[in-house]
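Engineer: got a structure for you, letters missing:
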């Protein structure tokens, strides 16, 4: 891709991430005030899931653009170390949005939980118990 197109896409994607995050934030502030069993609560929860998925997609695309064409300090308004620190924090924010969905999908699934619990039980019975009860 052309560098100008990449810069434009990066800027648009960053703004989309910000707008979608603000929508989720507003949704999260209203949802706890709605009664648990109401239909409105279910609608707000489903809306939260859909907009959260959009946030994941935009964040993933933004990280792809970031890796494809890393940002350069061309304006020189900030010193290099402060510019780098700002972009590291911004990158970690995108990674946190992506990791939240990945952990939600993979680590809350019943299959993963059952495999993790089984793995923990096997580890506890074999390794940990052996280290406690067997003499050195």
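Structural biologist: Sure, I can see it. Quick caveat, the model's predicted, so the values are computed rather than measured. Numbering: from 1, shown residues only.

Engineer: give me every residue that touches residue 21.
Structural biologist: Residues in contact with residue 21, defined by C-beta atoms under 8 Å, 6 or more residues apart in numbering, are 55, 97. For glycine as for every other residue, the C-beta is placed from the backbone atoms N, C-alpha and C.

Engineer: looking at the protein, which helix or strand does the model trust least?
Structural biologist: For the chain, counting by mean pLDDT, DSSP states H and E, helix 129-133 ranks last in confidence among helices and strands (a mean of 49).

Engineer: Centre-most residue in the chain?
Structural biologist: residue 97 (1.9 Å; C-alpha atoms, centre = their mean).

Engineer: So it versus residue 103, what's the distance?
Structural biologist: 11 Å (C-beta to C-beta, to the nearest Å).

Engineer: what's the answer for residue 92, then?
Structural biologist: According to C-beta to C-beta, residue 92 stands 15 Å off from residue 103.
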